[in-house]
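Colleague: Predicted structure and sequence below. I'll ask about it afterward.
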Amino acid sequence: MTEQENESKKVENVIIIGSGPAGYTAALYTSRSDLEPLVFEGFQWGGLLQQTTDVENYPGYPEGIMGPEMMQQFRDQAERFGTRFVTDDVTGVELSSDGGLHRVFLGDEEHLAKSVILAMGAEPRKLGVPGEEELASRGVSYCATCDAAFFRDKPTIVVGGGDTAMEDATFLAKFAKDVKVIHRRDEFRASAVMLNRARETENIELLTPYTIDRFEAGDGGMLDKVVLANTSGGENRELDIDGAFIAVGHQPNSHIVMGQVDTDENGYVQVEGPSTRTNLAGVFAAGDLVDHTYRQAVTAAGSGCAAALDAEGYLRDTPPDAEAHWAGEPDRIEAAGEAVADSAAG
Ligand SMILES: Cc1cc2nc3c(=O)[nH]c(=O)nc-3n(C[C@H](O)[C@H](O)[C@H](O)COP(=O)(O)OP(=O)(O)OC[C@H]3O[C@@H](n4cnc5c(N)ncnc54)[C@H](O)[C@@H]3O)c2cc1C
C-alpha cells in the first residue's frame, strides 16, 4: 500500500474544506486544540482575498496589507500548529446522516472524518464582458464595503438592480463624486425602501435600460471608461469612470454538499445560528458559504473560529463507537471486542 493510500484510510478528527479566512481560522483553532486538522484548501488556495490588492479593514493591520500576503500569513499560522494541507479541490462528499463517519473524496481517493467543517466560500457573479477580468482590482470591484473608500471624489458606477446594488450605491455615494446605477431593465428588483433611498441620494443617478458592453483601461492601465449598450435599441453611451462595482449576486460554492446538508433557495448552507451546526451531526459550516449579509474577511474568520469550537465540542461530547473510531485498524477493533467480552464474562 502506498503512503497516500495508507493516509486515506486514517480517520481524521476534522476535515476542513476550503481555505479562505474561514477555513484557515478553523484550521488554526483546531490545530491548537491538538485535533490535527486536514485541510483541503482547493486548487485556488487562499480564497477571494487572493484576488485583491489592499485590505484596509482587517483589524491588526494599521497600514493595511495586500490580500495574498494576508492569506499566506493565515496559512502559515495554521501550519505552525500542525495543520496539514492538500492543495486540491474536493470533488464529492458522503456526509453521514446519523453521526457516523463522513467521507470526503478527491476523485477516487477517499478520506474519512469524524467531523467536517465546510468553508468553501461564495463567488461573486461576473458579467463576462471584455475588460472586466483584466481590470479587476484596477477599478473593477465586487465589494463596495471593501473598496468604496478608494474612490473618494471619483466618478463611479454600480451594475445591478437588486437590493445589494442599491445598498452598494448608497454606501459608495458617501465617498464617490457620483454613482450611476446601471441596470438592464427599467424596473428594479430592489425593494421599494432601498430603491427610494438610492433615488433620494443627490449624487446617485439610475441609468436604464443598459448593459455593460465593455470596460476600457486608460494610459496607466487602470479603469478609465465604460461603454453601455442600450437594451431597447436606443443609443449606446460611454462614461468616463474610475470605479465600477459589480453587484449582480453571489454563487455559494455548495454544489458538493447540495442535497446532503440543508441549503436555502440561493444555495447558501443553512446553520443553526448563532452556532455553525448544519442539520447533520458533526458537520459545521462557516464563512461566506453561509453568509449572504456581511461577507467580510473578519466575519468569515470569526465564524471559522466558531466552527472549530463547535467541532471540538462535538468531538468531546459525542465519542464515535469503537468501530468507527478505529476504522481501518482491525487489530484494535478485535482487541476492543475481546476486552468487552472479558469484562462481560468477569
Ligand atoms: C475583489 C474582492 C475584494 C475583497 N476585499 C475585501 C476586503 O478588503 N476586506 C474584507 O474584509 N473582505 C473583502 N472581500 C470579501 C472577503 O474576501 C470574503 O468575505 C472572504 O474571503 C470570505 O472568506 P471565506 O473563507 O468564507 O471564503 P473564500 O475566501 O471565498 O474562500 C473559499 C475557499 O474555498 C475553496 N474551495 C471552494 N470549493 C472547494 C472545494 N470543492 N474543495 C476545496 N476547496 C474549495 C476556494 O478555492 C477558496 O480558496 C473581498 C472580496 C472580493 C471578491
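Modeller: On my side now, so go ahead.

Colleague: check contacts around Ala285.
Modeller: Each residue near Ala285 by Cβ atoms under 8 Å, 6 or more residues apart in numbering is listed here: 117-119, 261, 269, 271, 276, 278, 307. No exception for glycine: its C-beta is placed from N, CA and C like everyone else's.

Colleague: How about Glu272?
Modeller: By Cβ under 8 Å, 6+ apart, the residues touching Glu272 are 278-279.

Colleague: Next: the one 10 residues further on.
Modeller: If a contact means Cβ under 8 Å, 6+ apart, then Gly282 has 96, 99, 102, 114-116, 311, 314, 318 as its contacts.

Colleague: Now do it against the ligand, distance only.
Modeller: From Gly282 across to the ligand, the span is 18 Å (Cβ to the nearest ligand atom, to the nearest Å).

Colleague: how far away is that residue from Pro37?
Modeller: Separation of Gly282 from Pro37 (Cβ to Cβ, to the nearest Å) stands at 14 Å.

Colleague: again with Asp240
Modeller: Distance from Asp240 to Pro37, counting by Cβ to Cβ: 49 Å.

Colleague: Which one's more surrounded, the two?
Modeller: Between Asp240 and Pro37, counting by other Cβ atoms under 10 Å, Pro37 is the more crowded of the two (28 against 11).

Colleague: Any idea how many residues pack against the spatially closest residue to the more buried one that is not a sequence neighbour?
Modeller: Excluding its sequence neighbours, the residue lying closest to Pro37 (Cβ to Cβ, 6 or more residues apart in numbering) is Thr30, at 4.2 Å. Neighbours of Thr30 under the rule other Cβ under 10 Å: 31.

Colleague: With the one 4 residues further on instead?
Modeller: Using other Cβ under 10 Å as the criterion, Asp34 is surrounded by 10 other residues.

Colleague: and it, which of the three is it?
Modeller: coil (DSSP: H, G, I helix; E, B strand; the rest coil).

Colleague: Phi and psi next, for it.
Modeller: phi 60, psi 30 (degrees, to the nearest 10).
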